[in-house]
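J.: Below is the structure, and that's it, no one-letter string:
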Ligand SMILES: C[S@@+](CC[C@H](N)C(=O)[O-])C[C@H]1O[C@@H](n2cnc3c(N)ncnc32)[C@H](O)[C@@H]1O
């Protein structure tokens with residue numbers, strides 16, 4: 001599958017019906033990234049009974065995993081078909097997850113609503129990062145936590161995620177990423193500070209092994225050259 005216009009978000013709707021089927025390798029890759037992210041995020045937050053927004057949730061991989069950890073999860077994504085599939089899946093699995101269609105730049109939630117916002121593999125796709133971070137700060141309660149991962153911007157990240165993953169190995173549909181939208185860790189920390197956050201640790205994330213199906217499994221890495229994850233918090237008395 002190719003994505004003729006770079007960063008065209010229709011690809012998520014196009015594969016929505018197969019999101020949970022395990023038939024599409026790049027969708028399985030997103031699923032395989034969940035345990036490593038969740039393990040690292042969970043070092044910094046106890047999810048039990050927390051109100052958590054999964055921003056850019058697509059078909060709900062992270063939302064479901066967060067629910068299994070005891071969080072009260074809401075998922076939001078502009079891809080309507082993906083949200084429809086996520087909603088059906090939650091019903092099938094007897095999970096209480098609220099899913100909404102919406103964009104990060106204009107979140108359909110009141111101020112001070114969530115304890116945490118999780119945003120994985122999304123920031124490098126959004127049209128207006130500054131607006132998204134302002135919206136995340138708005139919907140978080142004072143002291144709330146923002147947990148993210150995204151892709152670094154440099155020649156090695158471009159080579160790994162576009163030349164190798166998209167063009168050579170076909171691990172991602174061609175055109176999934178626009179390398180200009182990748183974000184350097186320092187830029188993200190600066191943008192978070194402008195939105196009122198105090199940045200916490202960041203760490204690398206990448207392949208650590210291969211499973212029986214021949215897909216990559218993932219874990220934290222000591223370098224942030226390609227994918228990195230991190231967290232930031234709002235001060236307790238910020239609002
Ligand atoms: C690579 S997928 C990641 C999906 C999911 N977070 C996961 O890891 O399984 C990127 C997602 O970001 C969503 N997205 C893109 N732009 C967005 C925006 N401005 N606001 C919210 N979500 C957005 C897309 O619709 C898509 O579902």
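T.: Thanks, I have it. These numbers were taken from a predicted model, which means no experiment stands behind them. Residues are numbered from 1 along each chain as shown.
J.: got the buried residues for stretch 38-58?
T.: When neighbours are counted by 16 or more other CB atoms under 10 Å, the buried residues of stretch 38-58 are found to be 38, 40-41, 45, 47, 50-58. C-beta coordinates here come from the backbone N, C-alpha and C atoms, glycine included.
J.: Make TSV out of those residues and add pLDDT, secondary structure and distance to the ligand.
T.: Shown next, in TSV, are those (pLDDT from 0 to 100; DSSP: H, G, I helix; E, B strand; the rest coil; distance: CB to the nearest ligand atom, whole Å):
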residue	pLDDT	secondary structure	distance to the ligand
38	98	helix	11
40	98	helix	14
41	98	helix	13
45	98	coil	17
47	98	coil	17
50	98	coil	18
51	98	strand	18
52	99	strand	13
53	99	strand	11
54	98	strand	7
55	98	strand	6
56	98	coil	3
57	98	coil	6
58	97	coil	3
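J.: How much space separates the most centrally placed residue in the chain from residue 172?
T.: The C-alpha lying nearest the average C-alpha coordinate of the chain belongs to residue 120 (CA atoms, centre = their mean; 1.3 Å). Note on residue 120: its distance to residue 172, by CB to CB, to the nearest Å, is 15 Å.
J.: Would you mind naming what in this structure lies close to the ligand?
T.: Taking CB under 6 Å from any ligand atom as the criterion, the neighbours of the ligand within the chain are 9, 12, 30, 55-58, 61-62, 77-79, 82, 103-105, 120-122, 125-127.
J.: Could you measure from residue 109 over to residue 56?
T.: Computed with CB to CB, the distance linking residue 109 and residue 56 is 14 Å.
J.: ok, now residue 15?
T.: As for residue 15, its distance to residue 56 is 15 Å (criterion: CB to CB).
J.: With residue 217 instead?
T.: Plainly put, residue 217 is 22 Å away from residue 56 if you go by CB to CB.
J.: next one: residue 182
T.: From residue 182 over to residue 56 the distance is 16 Å, taken as CB to CB.
J.: Please apply the same query to residue 112.
T.: Look at residue 112 and residue 56: by CB to CB, they are 21 Å apart.
J.: ditto for residue 107
T.: Between residue 107 and residue 56 the distance is 11 Å, computed by CB to CB.
J.: hey, what's in contact with both of these two?
T.: Common contacts of residue 107 and residue 56, defined by CB atoms under 8 Å, 6 or more residues apart in numbering, comprise residue 76.
J.: Can you tell me the element residue 219 falls in?
T.: Assignment of secondary structure by DSSP states H and E places residue 219 within strand 216-221.
J.: list the contacts for residue 126?
T.: Remark: with contacts taken as CB under 8 Å, 6+ apart, residue 126 is in contact with 56, 103, 104, 105, 132.
J.: doesn't the last one fall inside a strand?
T.: What it means is residue 132. No: the assignment for residue 132 by DSSP: H, G, I helix; E, B strand; the rest coil gives helix, which leaves it out of any strand.
J.: Give the residue spans of this protein that score low on pLDDT.
T.: In the predicted model of the chain, residues 1-6, 238-239 satisfy pLDDT under 70.
J.: again, 80 this time
T.: In the predicted model of the chain, residues 1-9, 238-239 satisfy pLDDT under 80.
J.: ok so, going back, the strand holding residue 219 pairs with which strands?
T.: In its sheet, strand 216-221 lies beside strand 198-210 (antiparallel), with partners assigned from DSSP bridges.
J.: Same question for the strand it pairs with: list its buried residues.
T.: Judged by neighbour count (16+ other CB under 10 Å), strand 198-210 contains these buried residues: 199, 202, 203, 204, 205, 206, 207.
J.: From those, pick the one nearest the ligand.
T.: The shortest distance between the ligand and any of the buried residues of strand 198-210, using CB to the nearest ligand atom, involves residue 205 and amounts to 11.7 Å.
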